[in-house]
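**Student:** Please work out how this folds:
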Amino acid sequence: MASQSSETVDDQPAVVVGADGSFASAAAVRWAAKEALCQDARMRVVMARADAPPERVLAPQPVWPLPIVNIRDDEAVEKAQRFMDEFVRNTVPADCRPEYDVVVRDGDPVEALIDEVRGVHAGLLVMGRRGLGGFASLMLGSISDKCAAHAPCPVMVVAGDPADRTTTVVVGVDGSAGSTEAVEWAAQQAADLAARLHVVGAWKAPIVVADSVSSTLNLLNEGVEVYAADARKAVESALRRSEARFPSLDVSGDVVQGDASVVLIEAAIQAAPAVLVVGTRGRGGFKSLLLGSVAHQCLHHAKTPVVVVRPWTED
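**Tutor:** A predicted model of the protein is given here:
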């Protein structure tokens, strides 16, 4: 059953999904429906009319002293709501369709989606890689990129339809607060999906400058030892926490030398059908950057759905 209201229905958990009628947003809606059913949550489908005129404008001088005029086209909004409701009914089969509602907002899509997430205290925001407003040459739409950086809840960015069953949840760790939150979310997701949790730590030898071959080798050996040990420690800690929280969960870990984004993307491909989970920013990131380079690269290039999880300490 669908209701077309922008009000919060109740305290039921919510999954918000951005949709615009495109093929990419259809995949996002199907993923959101799957996640909502998994979490026993309601799905909120949000369409943002970025090109709509402002709701209110200053009236011409003769109208004063009442200079504000409401020019929102309510008929167009209702038409858009009907279109999106039909879109959802045609996109998600009735036997796997959660309770949902449709909201049409005017204005910036990023602001609209984040406002809706906050309004219903959503546990997840689902986005397609690229909607009707994207350029074909861009692998990731600007709306998805910005939402992943600013949304107060985990953001799932998808590029295709969900598989019948997700077998593995892959999560990257490096010991940072961001990766700790990512592991917590990934473990819960794996438990909800009855999937395996695979924890991956990536490390690279540092770039060094030395004045001789022998000193260069010593620096490299020391760097390899320290960096590999740190990665192993992060993976082992994540595995212990996940096993303690979900004793029956099937968990595994791996420590791989290489660039973190490349390692994680490859791990998700090998484990497919999988979901890849990353934190917004790792140990090497600058605090002023809301979306770290690893998360950014995974969002742009992963073949599997990517979930970006922000640590709760971030604003």
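**Student:** Quick check: buried residues in the helix or strand hosting residue 261?
**Tutor:** Element membership for residue 261 (DSSP states H and E) is helix 260-271. Of the residues in helix 260-271, 260, 261, 263, 264, 265, 266, 267, 268, 271 count as buried by neighbour count, 16 or more other Cβ atoms under 10 Å. From N, CA and C alone the C-beta is placed, and that goes for glycine too.
**Student:** Now do the second one against residue 304, distance only.
**Tutor:** Translated: residue 261. Remark: distance between residue 261 and residue 304 (Cβ to Cβ, to the nearest Å) = 13 Å.
**Student:** same question, the last one
**Tutor:** Noted for residue 271: a distance of 8 Å to residue 304, by Cβ to Cβ.
**Student:** Equivalent analysis for the fifth one, please.
**Tutor:** To residue 304, residue 265 is 8 Å away according to Cβ to Cβ.
**Student:** next one: the third one
**Tutor:** Residue 263 sits 14 Å away from residue 304, going by Cβ to Cβ.
**Student:** what's the domain layout of this protein?
**Tutor:** Per automatic domain parsing, the structural domains of the chain span 2-158, 168-309.
**Student:** ok, the buried residues of helix 260-271 vs residue 175, which is closest?
**Tutor:** When the buried residues of helix 260-271 are compared for distance to residue 175 (Cβ to Cβ), residue 260 wins out at 12.4 Å.
**Student:** if I look at residue 265 and residue 304, which residues touch both of them?
**Tutor:** Listed as contacting both residue 265 and residue 304 by Cβ atoms under 8 Å, 6 or more residues apart in numbering are residue 276.
**Student:** Identify the residue spatially nearest to residue 260, adjacent ones excluded.
**Tutor:** residue 202 (4.1 Å; Cβ to Cβ, 6 or more residues apart in numbering).
**Student:** what's the angle between the one helix or strand the one you found maps to and helix 260-271?
**Tutor:** Element membership for residue 202, per DSSP H and E: strand 196-203. Angle of strand 196-203 versus helix 260-271, following axes from the mean of the first three to the mean of the last three Cα atoms, to 10 degrees, is 150 degrees.
**Student:** just checking, what packs against strand 196-203?
**Tutor:** On a contact count with 3 or more Cβ pairs under 8 Å, 6 or more residues apart in numbering; DSSP states H and E, strand 196-203 meets strand 168-173, helix 177-193, helix 213-245, strand 251-257, helix 260-271.
**Student:** related to what we said a few turns ago, run the angle between the helix holding residue 261 and strand 168-173 for me.
**Tutor:** Going by the same axes, to 10 degrees, helix 260-271 makes 160 degrees with strand 168-173.
**Student:** The most centrally placed residue in the chain pairs with what?
**Tutor:** For the chain, the residue nearest the mean C-alpha position is residue 155 (2.1 Å; Cα atoms, centre = their mean). When assigned by DSSP bridges, residue 155 has beta-bridge partners residue 125, residue 308.
**Student:** In contact with it, which residues?
**Tutor:** 124, 125, 126, 127, 144, 147, 148, 307, 308.
**Student:** Please report how far it lies from residue 93.
**Tutor:** Taken as Cβ to Cβ, the span from residue 155 to residue 93 is 25 Å.
**Student:** Likewise for residue 227?
**Tutor:** Residue 227 is 48 Å from residue 93, by Cβ to Cβ.
**Student:** These two - which one has more neighbours?
**Tutor:** residue 227 (17 against 10; other Cβ atoms under 10 Å).
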